[in-house]
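Peer 1: Predicted coordinates and the sequence they were generated for:
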Amino acid sequence: MDTAATGLTFRDAADADVDVLVALIESAYRGDASRAGWTTEADILQGQRTDAEGVLAVIKSPDSRLLTVERDGVVIACCQLEHRGEYAYFGMFAVSPRQQGTGLGKVIIAEAERAAREAWGVREMHMTVISVREDLIAWYERRGYRRTGRMTPFPYGDERFGIPQRPDLQFELLVKELV
């Protein structure tokens, strides 16, 4: 039995979850608290990762779901699924730093892929990852995602996405066939 999956509840986020989800996402990626896990971006980006408006927009979008993961009534992870025609987009993935490294991420991404296939009949999942995040990209590759080499620029100057600490940030598109 997969102990990482024990006692998990998956549900769509509600408006009342916004503050908890913003705190979770921030804790997984930014600031000193994020260093407790391995997904931290604290050395490449400062400032915020998201805000209440961004999280609420995902919750309210008719083509999007913010899958929320709880254990014992506590939100410990989340991810965005967005229907984009022929494929689904996977984003806003955050696991509580204290829960990272336990296999929970694998369980969540597998459930997200299943949910996207079932809900929308899509055959591919797309995501973008900051290209200098080699450890994170390698983790996704082990889950079956492939690098495409297709890059989009980081939104320098828009502090809603953080304050870059280096000049070479860009996003790489990763794709996985869902069969």
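Peer 2: Received the coordinates, thanks. Residues are numbered from 1 along each chain as shown.
Peer 1: Can you give the contact residues for the helix ranked longest in the chain?
Peer 2: Counting residues, the longest helix found in the chain (DSSP state H) is helix 104-120. Helix 104-120 is contacted from outside by 2, 4-5, 8, 10, 65, 67, 69, 76-77, 79, 81, 83, 88, 90, 93, 95, 122-123, 125, 139, 143, 176, 178, using C-beta atoms under 8 Å, 6 or more residues apart in numbering. The C-beta positions use only the backbone N, C-alpha and C, and glycine is treated the same way.
Peer 1: how about that helix: buried residues?
Peer 2: Residues of helix 104-120 classed as buried: 104-105, 107-109, 111-113, 115-117, 120 (neighbour count, 16 or more other C-beta atoms under 10 Å).
Peer 1: Check stretch 22-29 too.
Peer 2: Applying a neighbour-count criterion of 16+ other C-beta under 10 Å, one finds 22, 24-29 buried in stretch 22-29.
Peer 1: That one: how far from the chain's middle?
Peer 2: Centre-to-centre, stretch 22-29 and its host chain are 10 Å apart (C-alpha atoms, centre = their mean, to the nearest Å).
Peer 1: No more questions from me, cheers.
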